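Peer 1: Turn this into a structure:
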Amino acid sequence: MSDRYDPGAFKARVDAALEQFVGQENDQFLAIDPQLRPVADQIVVATTHGKRLRAAFCYWGWRAAGQPDSDALVRAAAAMELVHAAASVHDDIIDDSPLRHGLPTAHVTLREPLRDRPRSKSSARALAMLVGDMLMALAGQLFVASGLPSAYLSRARPLWASLARELIAGECLEILCTGAAPDITESLKVVRYKTAKYTVEQPLLIGGALAGAAPRLLKAFSAYGLPLGEAFQLRDDLLGLFGDPARTGKASIDDLRTRRPTALLAETWQAADHTQRKQLRRLLNRPDASDDDLHEIRDLMSRVQAPARIEAMITARVEEATSALSGVDVAAHAARALTELAQAATARRH
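Peer 2: A predicted model of the protein is given here:
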């Protein structure tokens, strides 16, 4: 790979690493019993899609610390995508989301092989939960088996514990905050722990730790990664309600139906007057939100200019992130790649 960030070429390398590894692991899984085929298929589906941003941040954390291109590092970075796949499967179960990447989610698809069984819906959710658990286990296995020297891997091992702890804490906080009065401080804490850290900061830190990065550079990675990760999720929140489902691959009504404590909702609540809050409360309390409800809440959010304020928050965080690298000694090609990644992560439309 050249010193230029080529998203398509990098994605192809990560996809190939995941296909080979997951294929080998699934062969061993199916050797236990052929009945496991529906579960094995969902493991493949969960690892097939994505722009591979998390792997890219890990890779460029390694390169920014002065290390050369490495196939072993790409395999280690691909483990970040298995973490994301696990989190996505679990998130879809928690939110009862019907679609991801335009396809039925794991807990929906797994109803089919159980259709003639009692409690098929709850059993399908249980199987999907185990798919997520398997993906998280596979992430650790791929990381360890990447081919990097054990001394390198040991430098990053504590970060894996932090990644899992903070990701689970973020999911728990979102559940605990769902349905409560919208609060921007709480919403941004959920954003930071549920998504921001494992999407940008932790992959960067892991790549840097593997490379033996100096503490000053690791500190800069956090200064870059945290605001950028928050901007990434803020963009996701906007796309969740205002994006085109044909492009996002998700149902736009999900965030409204599940009353997720998004920053977009908190900004709307904060800016709304008494009458508008009453309208918002009525919409959020409906058990079966419709497309008309979605249109009404979008209109309300636009009237109080909540989307514009979220856009301003995204812009400010991207600027904060990119400026964080200016005071450290990073090779020009790595700084350029990280700047391009900042734009790719936050200017997307799906």
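Peer 1: Please count neighbours and contacts with C-alpha atoms only from this point.
Peer 2: Fine.
Peer 1: how much space between residue 107 and residue 38?
Peer 2: In this view, residue 107 and residue 38 are 11 Å apart by Cα to Cα, to the nearest Å.
Peer 1: mind listing the helices for the stretch 51-200 of the chain?
Peer 2: 53-64, 71-95, 106-109, 120-144, 150-177, 184-191 (DSSP state H, counting those that start in this stretch).
Peer 1: Most tightly packed of these?
Peer 2: Mean neighbours per residue, mean count of other Cα atoms under 10 Å, is largest over those for helix 53-64, with a mean of 27.
Peer 1: which stretches of the protein have low pLDDT?
Peer 2: Judged by pLDDT under 70, the chain has its weakly predicted residues at 1-2, 251-257, 350.
Peer 1: just the strands in it please.
Peer 2: 99-100, 103-104 (DSSP state E).
Peer 1: As TSV, those strands with mean neighbour count and distance to residue 223 would be great.
Peer 2: Formatted as TSV, the strands of the chain follow (neighbours: other Cα atoms under 10 Å; distance: least, Cα to Cα, whole Å):
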stretch	mean neighbour count	distance to residue 223
strand 99-100	18	31
strand 103-104	14	36
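Peer 1: Present those strands as JSON lines; the columns should include distance to residue 262.
Peer 2: Formatted as JSON lines, the strands of the chain follow (distance: least, Cα to Cα, whole Å):
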{"stretch": "strand 99-100", "distance to residue 262": "19"}
{"stretch": "strand 103-104", "distance to residue 262": "24"}
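Peer 1: which residue packs closest to residue 75, ignoring adjacent ones?
Peer 2: Spatially, and ignoring its direct neighbours in sequence, residue 75 is nearest to residue 146 (5.2 Å; Cα to Cα, 6 or more residues apart in numbering).
Peer 1: In this model residue 78 seems to touch that neighbour, though I could be wrong.
Peer 2: No. Under the criterion of Cα atoms under 8 Å, residue 146 makes no contact with residue 78, lying 9.2 Å away.
Peer 1: got the contact list for the closest residue to residue 126 other than its chain neighbours?
Peer 2: Once flanking residues are discounted, residue 126 sits nearest to residue 107: 7.9 Å by Cα to Cα, 6+ apart. Going by Cα atoms under 8 Å, 6 or more residues apart in numbering, residue 107 touches 92, 93, 121, 124, 125, 126, 127, 128, 129.
Peer 1: Any idea how many residues pack against residue 314?
Peer 2: 23 (other Cα atoms under 10 Å).
Peer 1: With residue 259 as the reference, measure out to it.
Peer 2: Separation of residue 314 from residue 259 (Cα to Cα): 22 Å.
Peer 1: of the strands of the chain, which approaches residue 203 most closely?
Peer 2: Residue 203 lies closest, by Cα to Cα, to one member of those: strand 99-100, at 22.9 Å.
Peer 1: what separates the closest one from the chain centre, distance-wise?
Peer 2: Taking Cα atoms, centre = their mean, to the nearest Å, the mean C-alpha location of strand 99-100 is offset from the chain mean by 14 Å.
Peer 1: Paired strands for it, with orientation please.
Peer 2: strand 103-104 (antiparallel) (DSSP bridges).
Peer 1: Tell me the gap between the strand it pairs with and the middle of its chain.
Peer 2: 18 Å.
Peer 1: got the contact list for that strand?
Peer 2: So strand 103-104 is contacted by 98, 249 (Cα under 8 Å, 6+ apart).
Peer 1: One more: stretch 124-143?
Peer 2: With Cα under 8 Å, 6+ apart as the test, stretch 124-143 has contacts from 21, 39, 42-43, 75-83, 85-90, 93, 106-111, 114.
Peer 1: redo that, cut-off 6 Å
Peer 2: Contact partners of stretch 124-143, identified using Cα atoms under 6 Å, 6 or more residues apart in numbering, comprise 76, 79, 82, 83, 86, 89, 90, 106, 107, 110, 111.
Peer 1: And the second one, how close does it get to residue 135?
Peer 2: Remark: distance between residue 79 and residue 135 (Cα to Cα) = 10 Å.
Peer 1: same check, this time on the last one
Peer 2: Between residue 111 and residue 135 the computed distance is 20 Å (Cα to Cα).
Peer 1: Repeat that for the third one.
Peer 2: Computed as Cα to Cα, the residue 82 to residue 135 distance reads 6 Å.
Peer 1: Would you quantify the distance from residue 276 to residue 304?
Peer 2: Where residue 304 is concerned, residue 276 sits at a distance of 9 Å (Cα to Cα).
Peer 1: err, residue 98, not the other one
Peer 2: To residue 304, residue 98 is 30 Å away according to Cα to Cα.
Peer 1: Which stretches in the stretch 251-350 of the chain count as helices?
Peer 2: Assigned by DSSP H, counting those that start in this stretch, the helices in the stretch 251-350 of the chain fall at 254-258, 263-271, 274-284, 291-303, 306-323, 332-346.
Peer 1: Which one, of the ones you listed, ends up nearest to residue 225?
Peer 2: Among the helices of the stretch 251-350 of the chain, the nearest to residue 225 by Cα to Cα is helix 306-323 (6.6 Å).
Peer 1: Could you count how many residues lie near residue 322?
Peer 2: Neighbours of residue 322 under the rule other Cα under 10 Å: 22.
Peer 1: please begin residue numbering at 277 from this point
Peer 2: All set: I'll call the first residue 277, so the last point we hit is now residue 598.
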